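Participant: attaching a predicted model along with its sequence, questions to come.
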Amino acid sequence: MDEVNDRLNQLETIGLIKRNEHGYLAGVETSIQSEVPEGMYSYKIPAGKYATVTHKGPLGKINETFEGLINWLGTNNYEQFDVICFEVYDHRYKGEDSESEFDMFIQIKSVG
C-alpha cells in the first residue's frame, strides 16, 4: 500500500469482503481525487446504515464475533442489506495476540 500517495490515515488498513463472492480486498482510505496506482483499483464503500462491532482477540475467532453480530441483527429487527462487509484495522490490531482489536461493519436495513 506504500504506492498510494494520498492515504488519509497512515495507521488504518481496510479489509473488504463481498458476500457471495470469493476473495478479500485489502485497501486504504484515500481522497476522492486519488490517482490509482498501476495494478490497483478504486472501490467506493457505499453510504448507508451500518452495524459495527469490535472484534477482540485473535483473528482465528473472527467467526464468533461475526455470528454474534448477525444474531444481534435478528433480535433487533435488522438484516444485512448489501453484499458489503468491511473491517478497519488500526493501531489496536496485533494479529493473533489476545489483546488485538479491530472494527467490523456490515450494511443493514430495518425489517418488519
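Facilitator: Yes, it's here. Numbers count the residues shown, from 1 in each chain.
Participant: please count neighbours and contacts with C-alpha atoms only from this point.
Facilitator: Fine.
Participant: list the helices and strands the helix or strand where Phe105 lies packs on?
Facilitator: Element membership for Phe105 (DSSP states H and E) is strand 101-110. In this structure, strand 101-110 makes packing contacts with strand 50-56, strand 78-89, judged by 3 or more C-alpha pairs under 8 Å, 6 or more residues apart in numbering; DSSP states H and E.
Participant: pLDDT of the longest one, averaged?
Facilitator: Looking back up the chat, that one is strand 78-89. Strand 78-89 carries an average pLDDT of 87.
Participant: likewise for the first one?
Facilitator: Averaging pLDDT along strand 50-56 gives 96.
Participant: output the helix or strand following that strand in PDB with nothing but the alpha carbons.
Facilitator: Counting by DSSP H and E, the next helix or strand C-terminal to strand 50-56 is helix 62-75. Output of helix 62-75 as PDB, limited to C-alpha atoms (Å, rounded to 0.1, in the frame of the first residue of the first chain):
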ATOM      1  CA  ILE A  62     -13.500 -13.700  14.000                       C
ATOM      2  CA  ASN A  63     -16.300 -16.100  13.000                       C
ATOM      3  CA  GLU A  64     -17.600 -16.000  16.600                       C
ATOM      4  CA  THR A  65     -17.700 -12.200  16.600                       C
ATOM      5  CA  PHE A  66     -19.400 -12.100  13.200                       C
ATOM      6  CA  GLU A  67     -22.100 -14.700  14.300                       C
ATOM      7  CA  GLY A  68     -22.700 -12.500  17.400                       C
ATOM      8  CA  LEU A  69     -23.300  -9.500  15.100                       C
ATOM      9  CA  ILE A  70     -25.700 -11.500  12.900                       C
ATOM     10  CA  ASN A  71     -27.600 -12.700  15.900                       C
ATOM     11  CA  TRP A  72     -27.900  -9.100  17.200                       C
ATOM     12  CA  LEU A  73     -29.400  -8.000  13.900                       C
ATOM     13  CA  GLY A  74     -32.100 -10.700  14.100                       C
ATOM     14  CA  THR A  75     -33.100  -9.800  17.600                       C
END
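Participant: brilliant, that's me finished.
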